[in-house]
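[1] what follows is a protein structure lacking sequence information:
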């Protein structure tokens, strides 16, 4: 994990890649739990026999499951020692650009795009690319927003 002393130090990294998370495996149990939590029971995520028969492939992770991993993965990439709290502020843009087959591994590549004062703190804009191990095409590209306070 890359650790910055304070917001000012991190601001110097705007326009640069901050880091890459470790790989996380997406197994069927994780996909099933996400389906239960969200009520999204689309067969392409849950029925391996049907996806193999009809599509010639295994089940795939929900796009929003991939998105939901960002707080954990981004949090493992970097931190700021002086920050007393951080808030997920949303996203400007999210695109699901590829599939995440069951039992594959994903990781987040984080680039700091912008930092600007907002609401007494600093708004951070990151471009996060969700990579799939062994694939040239990312599963997702998202521009995420966070507010951090010292």
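    Structure's in. What do you need? Source: prediction; values computed, not measured. Numbers count the residues shown, from 1 in each chain.

[2] tell me how far residue 35 lies from residue 55.
    18 Å (CB to CB, to the nearest Å). For glycine as for every other residue, the C-beta is placed from the backbone atoms N, C-alpha and C.

[3] so which of the two has more stuff around it?
    Between residue 35 and residue 55, counted using other CB atoms under 10 Å, residue 35 has the larger neighbour count: 16 against 11.

[4] so the residue lying closest to that one once chain neighbours are set aside: helix, strand or coil?
    Spatial nearest neighbour of residue 35, chain neighbours left out: residue 41 (5.3 Å); criterion: CB to CB, 6 or more residues apart in numbering. Classification of residue 41 using DSSP: H, G, I helix; E, B strand; the rest coil returns coil.

[5] phi first, then psi, for residue 41.
    Main-chain torsions, residue 41, degrees, to the nearest 10: phi -110, psi 30.

[6] stretch 19-35 spans what distance, first to last residue?
    Stretch 19-35 has its terminal residues 30 Å apart, counting by CA to CA, to the nearest Å.

[7] no no, stretch 17-26
    Stretch 17-26 has an end-to-end distance of 25 Å (CA to CA).

[8] tell me the mean pLDDT for that stretch?
    The average pLDDT within stretch 17-26 is 98.

[9] before we move on, the earlier item: tally of neighbours for the residue nearest to residue 35?
    Neighbours of residue 41 (other CB under 10 Å): 11.

[10] and if you look at residue 49?
    9.
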